[in-house]
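*Asks:* Here's my sequence, what's the structure:
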Amino acid sequence: MTTFADRLFELGGVPVGGAPPITGNVWFVDSGAADGADNVGNGYGRSPVKPFLTLDYAIGQCTASNGDVIYLLPGHAENLAAADTVDCDVAGVTIIGLGRGSLIPTFSTTAAAGSITVDAANVTIQNVKLVANFATGTTKGITITANGDGCTLDGVHFRDTAATSEFLIHIGVATTVSDLWIKNCTFVTAAGGSLTNAILFAGTSVDAVIEHCYFYVDSADSVIDHATGASTNLYIHHCTIVNVDTGGALYCIQNKSDGTGVVHDCRLGYNKVDAEVSVGAATWWFENYATNTIAESGLLDPATSHAIP
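*Replies:* Residues are numbered from 1 along each chain as shown. All right, here's what the predicted structure looks like:
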């Protein structure tokens, strides 16, 4: 391990994170470390060889709005037994998972309330997997409270263990949250499950962005649901959304009729007729293609309309 002047760490000769220089504290977490401990003494948490064992403990050592970074080492694994097992309640903390494939840091739910909660501003979570593993379903994978303005979820992957061991909502967003950024995330459920929504906005939002995400779900309601409160400048683009539900589900994307924003370049598949999008009168839609028949290409949805100068 080499420590650079900019306080980035090098693992195996490759700088970690690919991010700008770190201005705050750097912490390491590894559940499988033989010489790890949730203890601030004796240098624990400061290096990959003596890491902390749990993410929540590492968050508790961070300084708010200081640019602190927590690295989850490859293969890190934790169980989520309560809503606050991992409580991101320190502002400005960045959590970065290291590893790919089976080595992506993984959080598995073991109770209905098991969740990662974002309860502070400007928190970033990158490259982690959440697995629903409670027999009768997990209420939410990630809960973003009204304190979670500026939250970024980048490369967060949601998976079910089975049709009953499932997420009911992947991401729940409290009303009034602003500057939410969800990107490069994947949402995959077991067929025949009881998922309600992948992303549910409880009320209004400001400047939320959802981009480059993949959804393959069995959702009983709208996959992305912003129907309760009006969005201000909601921006959704380059997402692929497939909902295999054949029951009373609503839409792939639903925005409240007076919600403003732009949705463009999305690909939407649904088993129901004419149920891919719910077009808010104040939302702009460009180049979105939809189909309700498998193995057939989609058509522009909503229907084209243009004015020629």
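
*Asks:* for this structure, which spans come out with low pLDDT?
*Replies:* Applying pLDDT under 70 to the chain picks out residues 1-20, 249, 272-276, 279, 305-309.

*Asks:* Do a quick rundown of the helices in it.
*Replies:* For the chain, the helices defined by DSSP state H occupy 55-60.

*Asks:* Residue 251 contacts residue 220, doesn't it?
*Replies:* No. Here residue 251 lies out of contact with residue 220, judged by C-beta atoms under 8 Å, at a distance of 11.9 Å. Where you see a C-beta, it was placed from the backbone N, CA and C, and this is true even at glycine.

*Asks:* Show me which of these two is the more surrounded one.
*Replies:* Neighbour tally, residue 251 and residue 220, criterion other C-beta atoms under 10 Å: the higher count belongs to residue 251, 24 against 17.

*Asks:* Tell me how far that one lies from residue 92.
*Replies:* From residue 251 across to residue 92, the span is 35 Å (C-beta to C-beta, to the nearest Å).

*Asks:* quick one: residue 189 and residue 197 touch, right?
*Replies:* No. Applying C-beta under 8 Å as the test, residue 189 and residue 197 come out as separate, 11.1 Å apart.

*Asks:* Any idea how many residues pack against the closest residue to residue 48 other than its chain neighbours?
*Replies:* Nearest residue to residue 48, sequence neighbours excluded (C-beta to C-beta, 6 or more residues apart in numbering): residue 28, at 5.0 Å. Neighbour count for residue 28, taken as other C-beta under 10 Å: 26.

*Asks:* Tell me who's in contact with residue 28.
*Replies:* Residue 28 makes contacts with 45-48, 51-52, 70-71, 73, as judged by C-beta atoms under 8 Å, 6 or more residues apart in numbering.

*Asks:* so of those residues, which ones are in strands?
*Replies:* Per DSSP state E, strands hold the following members of the contacts of residue 28: 70-71.

*Asks:* would you turn the contacts of residue 28 into TSV with distance to residue 119?
*Replies:* Converted to TSV, the contacts of residue 28 look like this (distance: C-beta to C-beta, whole Å):
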residue	distance to residue 119
45	21
46	26
47	28
48	28
51	24
52	20
70	16
71	21
73	25
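
*Asks:* Return the distance of residue 280 relative to residue 201.
*Replies:* Counting by C-beta to C-beta, the separation of residue 280 from residue 201 is 13 Å.

*Asks:* rewinding a little: shared neighbours, residue 189 and residue 197?
*Replies:* Residues touching both residue 189 and residue 197 by C-beta under 8 Å, 6+ apart: residue 219.

*Asks:* For residue 146, give its distance to residue 107.
*Replies:* From residue 146 over to residue 107 (counting by C-beta to C-beta), the distance is 23 Å.

*Asks:* These two: which is more packed in?
*Replies:* Higher neighbour count among residue 146 and residue 107: residue 107, with 25 against 13, using other C-beta under 10 Å.
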